[in-house]
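A.B. asks: give me a 3D structure for the following:
(one chain, ligands or ions: 2)
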Amino acid sequence: MASKNFSDLKKNIIDKGLCTSCGTCVGVCPVGCIHFDYDQEEPVLEDSCTSCGVCFQVCPGGEIPLLEME
Ligand code: SF4
Ligand code: SF4
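C.D. replies: Ligands and ions are numbered 1, 2, ... in the order given. All right, here's what the predicted structure looks like:
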């Protein structure tokens with residue numbers, strides 16, 4: 001399976017409203033390509049993503065049991 005990248009984080013977490021604005025992805029990105037946009041209150045990509053997958057791995061947003069909560 002290909003490594004996850006920022007697009008996966010955006011599609012699976014941020015765009016689904018699961019981002020808690022914790023900022024962890026911004027801090028862990030090894031190439032520093034994620035910027036936290038305080039106006040939108042979400043992380044945005046501001047440079048080239050190398051698809052290392054770290055941001056997706058550390059994001060706690062995916063742990064939220066959305067279906068159970070509904
Ligand atoms: S790690 Fe996940 S929950 Fe935290 S700011 Fe990044 S996308 Fe949002
Ligand atoms: S380089 Fe890695 S940590 Fe940074 S946005 Fe891309 S996949 Fe996420």
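A.B. asks: what ranges do the strands span in this structure?
C.D. replies: Secondary structure of the chain (DSSP state E): strands at 34-37, 42-45.
A.B. asks: residues making contact with the last one?
C.D. replies: Read it as strand 42-45. For strand 42-45, contacts defined as C-beta atoms under 8 Å, 6 or more residues apart in numbering pick out 6, 9-10, 14, 19, 21, 23, 25-26, 33-37, 55. Every residue, glycine included, has its C-beta placed from N, CA and C.
A.B. asks: need the residues of the protein near ligand 2, please.
C.D. replies: The chain comes close to ligand 2 at residues 5-6, 29, 31, 33-34, 49-55, as judged by C-beta under 6 Å from any ligand atom.
A.B. asks: ok, back up a step: just name the most buried of the strands of the chain.
C.D. replies: strand 42-45 (a mean of 18; mean count of other C-beta atoms under 10 Å).
A.B. asks: distance from that strand to the middle of the chain?
C.D. replies: 8 Å (C-alpha atoms, centre = their mean, to the nearest Å).
A.B. asks: can you confirm whether it lies near ligand 1?
C.D. replies: Yes - Strand 42-45 lies within reach of ligand 1 by C-beta under 6 Å from any ligand atom, at Pro43.
A.B. asks: stretch 10-27 now?
C.D. replies: Yes - Stretch 10-27 comes into contact with ligand 1 (C-beta under 6 Å from any ligand atom), by way of 13-14, 19-25.
A.B. asks: pretty sure Gly62 sits against Lys11.
C.D. replies: No - in this structure, Gly62 is not within contact of Lys11 by C-beta atoms under 8 Å, at 11.6 Å.
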